[in-house]
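S.K.: model this:
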Amino acid sequence: MNKIVKLKDENDIRRIRDCGIIISSLFDSIKKMDLIGLSTWELDSFIDDYILKKKARAAFKTVRGYSYASCISINEVASHGVPSKKVFIKNGDIVKIDTGTVLNGYFADSCITICVGDVSPIGEKLAEIAYKALFVGINEIYPGKTIGDIGYAIENFVKKEGFSVVRNFTGHGVGFALHEPPVVPNYGNRGTGEEIRDGMVMAVEPIVTNGSGELKILEDGWTSVTCDGAMAAQFEHTIAVTKKGPVILTA
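M.R.: Numbering: from 1, shown residues only. I've put the predicted structure just below:
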């Protein structure tokens with residue numbers, strides 16, 4: 001990844017928001033669906049068709065070697081779950097749906113966790129903490145602060161709640177491409193890392209587990225699962241940095 005952070009002007013941010021609105025409306029539609037019994041391949045096909053009907057393209061298909069519109073990760077699968085005709089969503093599952101859109105050369109990226117049916121109390125709590133952790137991080141995104149401030153705030157909050165953040169994967173810049181600088185870890189130290197500047201656009205995406213947070217990659221080269229079998233939850237938004245503070249472009 002090129003290390004130069006490319007700042008966005010108001011027009012760029014407006015166009016990235018156009019991409020983000022598609023994802024937001026897509027997630028609203030999915031939340032209304034009965035997911036029990038659907039294969040992850042069927043859900044991915046719905047996502048791909050929805051994005052195409054909005055005159056956009058699935059941004060994940062621009063990633064070399066990946067041919068799906070989304071990553072769908074269930075329970076102990078922490079991230080990058082590859083859609084499959086053999087994997088079915090069941091009652092009680094924690095389902096992470098991560099997708100991106102590209103429209104007129106601009107990109108947005110977002111993820112939600114859906115608790116399907118009768119999820120265990122710890123699963124419900126895990127999803128709640130992951131959601132709150134995202135906004136704890138977003139609240140640090142002001143010009144003059146640093147990337148380390150975001151990660152410190154997220155990890156500190158998650159630890160206080162008795163959970164762990166995954167360190168293997170990070171947030172990232174987004175807008176002119178799906179993945180751009182800077183890297184945005186979900187851990188760090190205050191006052192360290194790149195300075196946050198007006199015009200930056202970044203995806204913040206904490207992955208939280210009720211275990212150690214350590215992952216292993218399966219043989220497909222994509223799917224990451226928790227080493228201890230713990231569940232994982234993830235939320236992500238694409239955020240623009242403005243002089244007045246963070247603006248969520250995928251909500």
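
S.K.: and the gap between residue 41 and residue 107?
M.R.: Between residue 41 and residue 107 the distance is 24 Å, computed by CB to CB, to the nearest Å. C-beta coordinates here come from the backbone N, C-alpha and C atoms, glycine included.

S.K.: who has more neighbours, those two?
M.R.: Of the pair residue 41 and residue 107, residue 107 is the one with more neighbours under other CB atoms under 10 Å, namely 26 against 17.

S.K.: work out for me the element the more buried one sits within.
M.R.: strand 106-115 (DSSP states H and E).

S.K.: helices or strands up against that strand?
M.R.: helix 10-31, strand 94-103, helix 121-138, strand 232-234, strand 237-242 (3 or more CB pairs under 8 Å, 6 or more residues apart in numbering; DSSP states H and E).

S.K.: can I get these in TSV including distance to residue 112 and mean pLDDT?
M.R.: Output for these, formatted as TSV (distance: least, CB to CB, whole Å; pLDDT from 0 to 100):
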stretch	distance to residue 112	mean pLDDT
helix 10-31	5	98
strand 94-103	6	98
helix 121-138	9	98
strand 232-234	8	98
strand 237-242	10	98
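
S.K.: between these, which gets nearest to residue 181?
M.R.: Comparing these against residue 181 with CB to CB, the closest turns out to be strand 237-242 (13.6 Å).

S.K.: contacts for that closest one next, please.
M.R.: With contact meaning CB atoms under 8 Å, 6 or more residues apart in numbering, strand 237-242 is reached by 8, 13, 16-17, 19-20, 108-110, 134, 138, 141-143, 174-175, 196-204, 246-251.

S.K.: out of these, which end up buried?
M.R.: For the contacts of strand 237-242, a burial check counting by 16 or more other CB atoms under 10 Å picks out 8, 13, 16-17, 19-20, 108-110, 134, 138, 141, 174-175, 196, 199-204, 246-250.

S.K.: what about the residue nearest to residue 89 when sequence neighbours are not counted, how many residues close to it?
M.R.: Using CB to CB, 6 or more residues apart in numbering and skipping the chain neighbours, the partner closest in space to residue 89 is residue 35 (4.6 Å). A count of nearby residues for residue 35, using other CB under 10 Å, gives 21.

S.K.: isn't residue 35 up against residue 94?
M.R.: No. Here residue 35 lies out of contact with residue 94, judged by CB atoms under 8 Å, at a distance of 11.5 Å.

S.K.: which helix or strand contains residue 150?
M.R.: Assigned by DSSP H and E, residue 150 falls in helix 147-160.

S.K.: now stretch 35-47: mean pLDDT?
M.R.: Rounded to a whole number, the mean pLDDT of stretch 35-47 is 98.

S.K.: residues in contact with it?
M.R.: Under CB under 8 Å, 6+ apart, the answer for stretch 35-47 is 26, 30, 33, 58, 68-70, 72, 74, 81, 83-91, 95, 97, 99, 114, 116-117.

S.K.: repeat for stretch 79-87
M.R.: By CB under 8 Å, 6+ apart, the residues outside stretch 79-87 that reach it are 39-44, 68, 70-74, 96, 98, 166, 169, 207, 215, 220, 222-224, 232, 234.

S.K.: how about 6 Å then?
M.R.: Applying CB atoms under 6 Å, 6 or more residues apart in numbering, the contact partners of stretch 79-87 are 39-41, 44, 68, 71-73, 169, 207, 220, 222-224.

S.K.: just the ones in strands from these, please.
M.R.: 71, 72, 73, 207, 224 (DSSP state E).
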